[in-house]
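K.L.:
any chance you could fold what I've pasted below:
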Amino acid sequence: MAGKQTQWSSYWGFILATAGAAVGLGNIWKFPYIAGENGGGAFVLIYLVCIVIIGLPLMMAEIMLGRRAGGDPKTSMSTLAAHYKASPLWAGLGYMLILAGFLILSYYSVIAGWASAYVFKSGMGMFTGETAGQIDQLFSQFIHSPYELAFWHTVMIAATIFVVAMGVEKGLERAVIYMFPAMLALLLVIVGYSMGTGFFGKGLNFLFYPDLSELSAHGVLVAVGHAFFTLSLATGSIMMYGAYLPKNISIPKASIYIAIADTLIALLAGLAIFPIVFAHGLQPGAGPGLIFKSLPLACGHMPYGTFFGTLFFVMLVFAAFT
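P.N.:
Just a heads-up that it's a prediction; the model follows:
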């Protein structure tokens, strides 16, 4: 309907790019701590059901709308409404999607900046031998340092602008083709390290043994919400990626691959983090501070902790950036 200037150069280029859009802080920062807060395996079970019956169909719908109209969310909704003689008010949905994307960017880039800063903090050995109180104080000082926060936030925003300005094929696709496999490789290395902690079995049991008595109605709502968040649904980004999708690519097949990749990364993140947390007597339900407080504390007291802690935060930056 609307003309497209460029398209994804290949099927796997689209898969990696869209999986990169879906896989991010929601999988590695948010999923482990909300799973820890809401009963572990029981929450994971509900989350997986939500991915299949809610997330996957909505992803297919968003990609289909984007490819059909071939524009940004506002243009796509306006074009589709006009074509099917529907109310022009549908364009308002496009504006809402753009607003949602902006609101997510406004805090997502901040957390991505935190991860970037922690790459250097970990690499410099700032967590080695520190107590829980010292790690907590370090984090508190960091998030109350406006100049440091502004610097790392600016780094992430500038890098994002640079890649997006390069376009679909030379920018987004080229960046993700290298960064997504690198992120997965780093995650697998950390999972391998977690297997040697002696608590890998406990981590497996926590993630995959569903004790429904641990799950509340609030936990179910969190699982539904996270299914949207982790697949980047209802923000217009998946619709935008679909706008550059060639006609010969199967939307259902591509959506299934993307959902599998996204879910696999989340589960691997849990297997990487929880054995390390359990090995040092920490709580899996430590909230948002699980990555920035509990994990640095654990890394500061384990063999090769500086090296593997730095790898973890590099991986987190790659996930956030893609």
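K.L.:
do me a favour and get the end-to-end distance for stretch 126-135?
P.N.:
Length of stretch 126-135, first residue to last, CA to CA, to the nearest Å: 9 Å.
K.L.:
how about it: buried residues?
P.N.:
126-127, 130, 135 (16 or more other CB atoms under 10 Å). Placement of C-beta: from N, CA and C, glycine included.
K.L.:
quote the end-to-end distance of stretch 298-305.
P.N.:
End-to-end for stretch 298-305, by CA to CA: 8 Å.
K.L.:
got a list of contacts for that stretch?
P.N.:
122, 127-130, 135, 193, 197, 276-277, 279-280, 282, 306, 308-309, 312 (CB atoms under 8 Å, 6 or more residues apart in numbering).
K.L.:
these in strands, which ones?
P.N.:
Per DSSP state E, strands hold no members of the contacts of stretch 298-305.
K.L.:
which of those are buried?
P.N.:
122, 127, 130, 135, 193, 197, 276-277, 279-280, 282, 306, 308-309, 312.
K.L.:
ok, the closest residue to Val23 other than its chain neighbours - contacts?
P.N.:
Of all residues not flanking Val23 in the chain, Ile265 sits nearest, at 4.8 Å (CB to CB, 6 or more residues apart in numbering). Applying CB under 8 Å, 6+ apart to Ile265 gives the contacts 23, 27-28, 184, 187, 319.
K.L.:
let me know the closest of these to Thr79.
P.N.:
Val23 (29.5 Å; CB to CB).
K.L.:
confidence score at Leu65?
P.N.:
Note for Leu65: predicted pLDDT of 92.
K.L.:
cool, and Asn248?
P.N.:
The predicted local confidence for Asn248 is 84.
K.L.:
if we look at the lowest-mean-pLDDT helix or strand in the chain, which residues are touching it?
P.N.:
Using mean pLDDT, DSSP states H and E, the weakest-scoring helix or strand in the chain turns out to be helix 289, at a mean of 70. With contact meaning CB under 8 Å, 6+ apart, helix 289 is reached by 33, 136, 139.
K.L.:
take the contacts of Ile265 and keep only those in strands.
P.N.:
Among the contacts of Ile265, no member lies in strands (by DSSP E).
K.L.:
which of the three states applies to the residue lying farthest from the centre of the chain?
P.N.:
Ranking residues of the chain by C-alpha distance from their mean position (CA atoms, centre = their mean) puts Lys85 at the top, at 37.1 Å. Classification of Lys85 using DSSP: H, G, I helix; E, B strand; the rest coil returns coil.
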